[in-house]
Structure formats: C-alpha cells, structure tokens
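**Q** following is a predicted model, sequence given first.
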Amino acid sequence: MVDNVELGYAATINRVQGLTVDTSHILVDPQSTSREQLYVAATRGRECNRMYAVVEETLEADGHAPDHLRTSVVGALTPVLACESAERSAQEEIQIA
C-alpha cells in the first residue's frame, strides 16, 4: 500500500508552486501559459519533468513526435517563452522609460 502519494492531476501551476515531486507532467498551452508559469511547472519534478505542448495535430501513441511535428512543438513553445506575466519592478519601469 502506498501511503505517500498526493494526486495532483488537476492542480494549477500556481497551486504546485513550492512543491517538489518525483515526476511532473505539464500541459503547455500557448494560449494560456506564460514563461514564468512554464518555469515553475518545469522545475517541480525531482527525477523527471515532462511537458506536453498543445499542437493542432495528434501525436503518435508512443509519445514521440514525428519529424513534421517537431517544428509544431517549437512553434507552440515560442509564444509561451515570449509571454511575460510578471509585473516589472519600479527600476525596470524607469529603465524602459
């Protein structure tokens, strides 16, 4: 019997911040994930962090992206890395102005 298991299958990225688990599985949606959220989600697993990117085509059941979909995965992650959700500090605002 397993006594030390917490199911986090429906947890939000904000909910898991600060948690460390053995294995983490993350659904990355370019429409709703920021780069800060991606960093938090991708650093929760001690042994393994798996990211699943939302693309328009379906991947094969074995989980490996065929060559024609690899650019779609990069294309799905590019807007996530460009999406900054953290507020700028006063010093950063002064430097921009």
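**A** Alright, I've got the coordinates. Numbering: from 1, shown residues only.
**Q** ok, now which ones touch the residue nearest the centre of the chain?
**A** Centroid-nearest residue in the chain: L38, 3.5 Å away (criterion: C-alpha atoms, centre = their mean). Residues counted as contacts of L38 (C-beta atoms under 8 Å, 6 or more residues apart in numbering) are 26, 28, 51, 77, 80-81. For glycine as for every other residue, the C-beta is placed from the backbone atoms N, C-alpha and C.
**Q** how far does the helix or strand in which it is found sit from its chain's centre?
**A** Assigned by DSSP states H and E, L38 belongs to helix 35-42. In terms of C-alpha atoms, centre = their mean, to the nearest Å, the centre of helix 35-42 is set 5 Å apart from its chain centre.
**Q** that one: which residues count as buried?
**A** 35, 37-38, 40-41 (16 or more other C-beta atoms under 10 Å).
**Q** what is the mean pLDDT for it?
**A** For helix 35-42, mean pLDDT is 88.
**Q** what is the subsequent helix or strand relative to it?
**A** By DSSP H and E, the next helix or strand past helix 35-42 is strand 45-53.
**Q** tell me, how many neighbours does the nearest residue to R50 once chain neighbours are set aside end up with?
**A** Among residues not flanking R50 along the chain, H25 sits closest, at 4.9 Å (C-beta to C-beta, 6 or more residues apart in numbering). Other residues near H25 come to 15 when the count uses other C-beta atoms under 10 Å.
**Q** what secondary structure does H25 sit in?
**A** Judged by DSSP: H, G, I helix; E, B strand; the rest coil, the three-state class of H25 is strand.
**Q** roughly how far does it sit from Q95?
**A** Per C-beta to C-beta, to the nearest Å, H25 is found 38 Å from Q95.
**Q** give me the distance from stretch 41-58 to the chain's centre.
**A** Relative to the centre of its chain, stretch 41-58 is centred 6 Å away, using C-alpha atoms, centre = their mean.
**Q** quick one: buried residues of that stretch?
**A** Buried residues in stretch 41-58 (16+ other C-beta under 10 Å): 41, 44-45, 51, 53, 55.
**Q** which of the residues you listed sits closest to E87?
**A** Distance to E87, by C-beta to C-beta, is smallest for A41 among the buried residues of stretch 41-58, at 19.7 Å.
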